[in-house]
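Student: the following comprises the amino acid sequence and a computationally predicted model.
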Amino acid sequence: MRLDPKARPRLVEIIANLRDRIKEAKLNGWLGEVQGLQTSLNEATKKLVSLDRSIERSRKPTEASQTSASPSSSQRRPRHDQILSPEKERAAYSGIPAAC
C-alpha cells in the first residue's frame, strides 16, 4: 500500500509521539509496552523512509531511466543516522528552527 506524500507530516508526528511514549513507558517500567511501541516505531520509520524514496523517485523519473543499473547516491536508501529527528522534521514543515 502506498502512502500519499501529503501524509508525510502526520507520519513524522506519529514517530515523534511513539518516541515520547517509549520514554514514558521506560520511566514507568512498562517493559511490554516499550517492546510494542518500539515495534510500531520501527515500522513507522520504515514507512517514512519508503515514502521519502517514493517522493524522490517521482521527482526525477527521467533521470533514473538515463543512469546505469547501479543506484546513484541520491537513490540509495538513507542510513539510519541520516534520517532527521522528529524535531528537525517538524521544523522543516513549520519554518521554526529545531533545537539541537
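Tutor: Looks like it arrived, so ask away.
Student: how about the helices in the chain?
Tutor: Along the chain, counting by DSSP state H, helices occupy 8-28, 31-59, 61-66, 86-94.
Student: M1 is nearest to which of those helices?
Tutor: The closest of the helices of the chain to M1 is helix 31-59. By C-beta to C-beta, the value is 9.6 Å. Bear in mind the C-beta positions are built from the backbone N, C-alpha and C, glycine included.
Student: what is the closest one packed up against?
Tutor: Helix 31-59 sits against helix 8-28, with contacts defined as 3 or more C-beta pairs under 8 Å, 6 or more residues apart in numbering; DSSP states H and E.
Student: mean confidence score for the helix it packs on?
Tutor: Per-residue pLDDT over helix 8-28 has a mean of 97.
Student: flag every buried residue along that helix.
Tutor: Judged by neighbour count using 16 or more other C-beta atoms under 10 Å, the buried positions of helix 8-28 are R8, L11, V12, I14, I15, A16, L18, R19, R21, I22, A25.
Student: of the residues you listed, closest to R59?
Tutor: R8 (13.6 Å).
Student: hang on, isn't that closest one packed against L51?
Tutor: Yes. Counting by C-beta atoms under 8 Å, R8 does reach L51; the two are 5.8 Å apart.
Student: re the thing from before, make a markdown table out of the helices of the chain and add distance to M1.
Tutor: Shown next, in a markdown table, are the helices of the chain (distance: least, C-beta to C-beta, whole Å):
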| stretch | distance to M1 |
| --- | --- |
| helix 8-28 | 13 |
| helix 31-59 | 10 |
| helix 61-66 | 21 |
| helix 86-94 | 22 |
